[in-house]
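Undergrad: Structure, please.
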Amino acid sequence: MIRAVYFDVDDTLYDQLLPFKAAFKKAFPNIVITNNSCYERIFKIFRTCSDSIFPKYEEKQVSVEEMWIKRMSDTLNNIRESDIDSRRILNFQRIYNDELEHIKPFSQIPQLISSLKAINVSVGIISNGDHKHQIDKIVSLGLENDFLQKIF
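TA: Numbering: from 1, shown residues only. Modelled structure (predicted):
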């Protein structure tokens, strides 16, 4: 018998690509992206660049703004869009942060959580992400009261 189910936040409770794609379109309207698979490829590059610079941020070798600029600058260079300045990159980050405040759970998630709770299965969150950032996402998803345990 299952007694507990733990969910990761990113790409389990919501689609990570949607806020990135919306922010990218708004911040860089002159970059022509032909289809969704191109956005998926750019987002994967962005995540790789983010994972590369994040340890320096954690070790306080770079500021949060320097991290944001580096990961997007490297992403843009990778897709041969190197003429974007730091101001525009920080504008992208502002828009991206705003989009993250308006994320919605996958349509099946609220019912799944309710169904699990109805049969006395505990539900929780497990994440390796930044605690505050993940909590903010859970609140944005409207799921802050649904999880008994949160492991970060």
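Undergrad: Only alpha carbons, please: show the helix ranked longest in the chain as PDB.
TA: The longest helix of the chain (DSSP state H) is helix 36-58. Extracted C-alpha coordinates of helix 36-58, given in PDB (Å, rounded to 0.1, in the frame of the first residue of the first chain):
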ATOM      1  CA  ASN A  36       8.100  25.100 -30.200                       C
ATOM      2  CA  SER A  37      11.000  22.600 -30.500                       C
ATOM      3  CA  CYS A  38      13.300  25.500 -31.100                       C
ATOM      4  CA  TYR A  39      12.200  27.000 -27.800                       C
ATOM      5  CA  GLU A  40      12.700  23.600 -26.100                       C
ATOM      6  CA  ARG A  41      16.300  23.500 -27.500                       C
ATOM      7  CA  ILE A  42      17.000  27.100 -26.300                       C
ATOM      8  CA  PHE A  43      15.500  26.300 -22.900                       C
ATOM      9  CA  LYS A  44      17.800  23.200 -22.500                       C
ATOM     10  CA  ILE A  45      20.800  25.400 -23.400                       C
ATOM     11  CA  PHE A  46      19.600  28.000 -20.900                       C
ATOM     12  CA  ARG A  47      19.300  25.300 -18.200                       C
ATOM     13  CA  THR A  48      22.800  24.000 -19.000                       C
ATOM     14  CA  CYS A  49      24.200  27.500 -18.800                       C
ATOM     15  CA  SER A  50      22.400  28.100 -15.600                       C
ATOM     16  CA  ASP A  51      23.700  24.800 -14.000                       C
ATOM     17  CA  SER A  52      27.200  25.900 -15.100                       C
ATOM     18  CA  ILE A  53      27.200  29.300 -13.400                       C
ATOM     19  CA  PHE A  54      25.100  28.500 -10.400                       C
ATOM     20  CA  PRO A  55      27.900  27.000  -8.300                       C
ATOM     21  CA  LYS A  56      29.800  30.300  -8.500                       C
ATOM     22  CA  TYR A  57      26.600  32.100  -7.300                       C
ATOM     23  CA  GLU A  58      26.300  29.700  -4.400                       C
END
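Undergrad: just the strands in this structure please.
TA: Ranges of strands in the chain, per DSSP state E, are 4-7, 122-126, 149-151.
Undergrad: on that earlier part again, name the helices or strands packed onto the longest helix of the chain?
TA: Using 3 or more Cβ pairs under 8 Å, 6 or more residues apart in numbering; DSSP states H and E as the contact definition, the elements that helix 36-58 packs against are helix 17-27, helix 64-78. C-beta coordinates here come from the backbone N, C-alpha and C atoms, glycine included.
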